[in-house]
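S.K.: Predicted model and sequence below, questions to follow.
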Number of protein chains: 2
Amino acid sequence: ADARAGRQKVVVCQACHGLDGLSKNPEAPNLAGQVEAYLVKALRDYKAGERKHETMNIVARDLADEDIADVAAYYASIQVDVLPP
Amino acid sequence: ADARAGRQKVVVCQACHGLDGLSKNPEAPNLAGQVEAYLVKALRDYKAGERKHETMNIVARDLADEDIADVAAYYASIQVDVLPP
């Protein structure tokens, strides 16, 4: 998976998820620093229709496995510091 | 929703998601600072079986709406700083 290549491919994603991975839309989750395997699974499930969401099923439909891997790597690579609760 | 009450209720959640909201299990996503409405929707979908995941469908089955709101508020309340990519 190539996070740098992923950065080019998030053009579609950033409208709702941001280039920085912070949600730009009240329904969309933050993706910054998310667990990479979880992002890959989510995209695969949206692509296969296993997981239902109007927009995401459309967005994921045309993603090749390599695109899924790169986009997931990109968002997972964003560094996030969590302040202890 | 009461994030402080949520903190007591995350006893079940923290095994995989951590008290700090950072994933403790390669399949589980980070929840720290996640969008609250997104967390509520995810829990509701797991509870209703709209969204399928073996563990989460069991965990969510017995959550009352108030528990869902409080747990979501708790994780959403964890402060997260994203370092620009």
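M.R.: Looks like it arrived, so ask away. Numbers count the residues shown, from 1 in each chain, chains lettered A, B, ... in the order given.
S.K.: excluding its backbone neighbours, what's nearest the residue nearest the centre of chain A?
M.R.: Nearest to the mean C-alpha position of chain A, by CA atoms, centre = their mean, lies residue A:72 at 5.3 Å. With sequence-adjacent residues excluded and distances taken as CB to CB, 6 or more residues apart in numbering or on different chains, residue A:72 is closest to residue A:39, at 3.7 Å. C-beta coordinates here come from the backbone N, C-alpha and C atoms, glycine included.
S.K.: burial count for that neighbour?
M.R.: 20 (other CB atoms under 10 Å in any protein chain shown).
S.K.: A helix includes it, no?
M.R.: Yes: the assignment for residue A:39 is a helix, going by DSSP: H, G, I helix; E, B strand; the rest coil.
S.K.: so who does it touch?
M.R.: Contacts for residue A:39 (CB atoms under 8 Å, 6 or more residues apart in numbering or on different chains) come out as A:31, A:71-72, A:75-76.
S.K.: residues near the nearest residue to residue A:75 once chain neighbours are set aside, how many?
M.R.: Among residues not flanking residue A:75 along the chain, residue A:31 sits closest, at 4.0 Å (CB to CB, 6+ apart). Using other CB under 10 Å, residue A:31 has 28 neighbouring residues.
S.K.: do residue A:15 as well
M.R.: Neighbours of residue A:15 under the rule other CB under 10 Å: 13.
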